[in-house]
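A.B. asks: no sequence on this one, just coordinates:
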């Protein structure tokens, strides 16, 4: 039996200020509204959206007819409809 080597990536990012009142209230409201189990689930979705926004921003800097922008833009939109 061989070993299973994997490159794990981060799935969530904790907030910089752990005791910010407005953010805590907002997270608690989201947890109650969508029935999430804990704050980590909120952070995970925020992290996914941040990565998607970053990818969209970098694609928007490319030329409109660029092949990479067309291909990855369509893939990004498919990912968003699935999300």
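C.D. replies: That came through fine. Please read these numbers as outputs of a predicted model, since none were measured by experiment. Numbering: from 1, shown residues only.

A.B. asks: could I get the full set of helices for the chain?
C.D. replies: Using DSSP state H, the helices found in the chain span residues 21-34, 39-60, 67-82.

A.B. asks: now the first one: mean pLDDT?
C.D. replies: For helix 21-34, the mean per-residue pLDDT is 97.

A.B. asks: mind listing what's buried along that helix?
C.D. replies: Across helix 21-34, burial judged by 16 or more other Cβ atoms under 10 Å covers residue 27. Every C-beta, even on glycine, is put in place using the N, C-alpha and C of the backbone.

A.B. asks: which one, of the helices of the chain, ends up nearest to residue 4?
C.D. replies: Evaluated over the helices of the chain, closeness to residue 4 peaks at helix 39-60, with 23.7 Å, by Cβ to Cβ.

A.B. asks: so how far is residue 48 from residue 59?
C.D. replies: As judged by Cβ to Cβ, to the nearest Å, residue 59 and residue 48 stand 17 Å apart.
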